[in-house]
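Engineer: kindly return the folded structure for what I paste below:
(one chain, ligands or ions: 1)
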Amino acid sequence: MDATCSTSGCHVRPARPRAAPERPAPPDYDVPVIPTIGVLALQGDVVEHVRALERSGARAVGVRRPAELASVDALVLPGGESTTIDKLLRIFELHGPLQERIAQGFPVYGSCAGMILLADRVLDGTADQRTLGGLDVTVRRNAFGRQVDSFETTLPFAGIDGPDVEATFIRAPWIEEAGEGVEVLARIPADGGGDAAGRIVAVRQGALLATSFHPEITGDARVHELFVEIVKE
Ligand SMILES: NC(=O)CC[C@H](N)C(=O)O
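Structural biologist: Presented below is the predicted three-dimensional model:
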């Protein structure tokens, strides 16, 4: 406000209305969205997943507590021992909150033991083994045999262009049955040998992705890149 003063006093002139400041135009480029993806850090190969996610354009953090789970955009369930991870999820009070988030469409990628944890049904589990569920599949635990039957191979993977994906199987499960809403992304080739031939080893259902194998230890980050794309959808 302006004021003019003379011997008769001061007259206050109302301020002239000012023009509203101009808003800057929004940028005409896409601002990159960098999701924060948690890696369940109770057991298993956590560091390898963190590195693969970072190479795939995500921020990655370890998750051990419900508050950490609540703060991430998505989660990776690493390989390890599904029976142990199942028990630890309960001890760390993550089982219920994680199940709830999965039901709401929270993106989760499960590799090997992580795939077992996402499966609605498990064959050859221990008597008291339970899962988080969410993925309408039946997995067979340790389906390819024991530790000595672990192997590496390359597989065609739906949705991943370029050379076949490098896949390391370590006491891995396979999927014996997949429900109608489940997209099969990779199988053991028909000439893959014995009972393993044609078995399903990678699937997607909505925001849930699962592989029987470990891509995080191969240096081929394309499965993690696919998951980051799913998280951004
Ligand atoms: N590499 C793995 O994650 C192995 C999975 C393990 N056989 C299980 O049942 O949980």
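Engineer: contact residues of this structure facing the ligand?
Structural biologist: 79, 80, 81, 82, 112, 113, 116, 141, 142, 170, 171 (C-beta under 6 Å from any ligand atom). Placement of C-beta: from N, CA and C, glycine included.
Engineer: repeat the analysis, applying 8 Å as the threshold.
Structural biologist: Residues of the chain lying close to the ligand by C-beta under 8 Å from any ligand atom are 44, 78-85, 111-114, 116, 125, 141-142, 170-173, 214.
Engineer: now, of the residues you listed, which are buried?
Structural biologist: 44, 78-80, 82-83, 85, 111-114, 116, 125, 141-142, 170-173, 214 (16 or more other C-beta atoms under 10 Å).
Engineer: tell me which of these fall in helices.
Structural biologist: Using DSSP state H, the members of these that fall within helices are 82, 83, 85, 113, 114, 116.
Engineer: got CSV for those residues, with pLDDT and distance to residue 133 too?
Structural biologist: Below are these laid out as CSV (pLDDT from 0 to 100; distance: C-beta to C-beta, whole Å):
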residue, pLDDT, distance to residue 133
82, 96, 13
83, 96, 15
85, 96, 14
113, 97, 15
114, 97, 13
116, 98, 11
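Engineer: widest-spaced pair of the residues you listed?
Structural biologist: Spanning the widest gap among these are 83 and 114, at 13.1 Å by C-beta to C-beta.
Engineer: what's the distance between stretch 183-194 and the middle of its chain?
Structural biologist: 23 Å (C-alpha atoms, centre = their mean, to the nearest Å).
Engineer: now it: mean pLDDT?
Structural biologist: Confidence for stretch 183-194, expressed as mean pLDDT, is 89.
Engineer: quick one: residue 117 from residue 175, how far?
Structural biologist: 14 Å (C-beta to C-beta, to the nearest Å).
Engineer: look at these two and report which has more neighbours.
Structural biologist: Using other C-beta atoms under 10 Å, the more surrounded residue of residue 117 and residue 175 is residue 117, with 29 against 23.
Engineer: hmm, the more buried one is touching residue 132, no?
Structural biologist: Yes: between residue 117 and residue 132 there is a contact under C-beta atoms under 8 Å: 5.2 Å.
Engineer: shared neighbours of the two, anything?
Structural biologist: Taking C-beta atoms under 8 Å, 6 or more residues apart in numbering as the criterion, residue 117 and residue 132 both touch residue 89.
Engineer: contacting residues around residue 160?
Structural biologist: 222, 223, 226.
Engineer: again but with residue 76, I slipped
Structural biologist: 37, 38, 39, 40, 49, 53, 108, 109, 110, 111, 114, 227.
Engineer: list the buried residues for the helix or strand hosting the third one?
Structural biologist: When elements are assigned from DSSP states H and E, residue 39 belongs to strand 36-40. When neighbours are counted by 16+ other C-beta under 10 Å, the buried residues of strand 36-40 are found to be 37, 38, 39, 40.
Engineer: do the same with stretch 52-72
Structural biologist: 52, 53, 56, 57, 58, 60, 63, 68, 69, 72.
Engineer: now the helix or strand harbouring residue 90 and strand 36-40, what's the angle there?
Structural biologist: Using DSSP H and E, residue 90 maps to helix 82-91. Counting by axes from the mean of the first three to the mean of the last three C-alpha atoms, to 10 degrees, helix 82-91 lies at 110 degrees to strand 36-40.
Engineer: next secondary structure element downstream of helix 82-91?
Structural biologist: helix 95-103.
Engineer: tilt between that following helix and strand 36-40?
Structural biologist: Using the same axes, to 10 degrees: helix 95-103 against strand 36-40 is 140 degrees.
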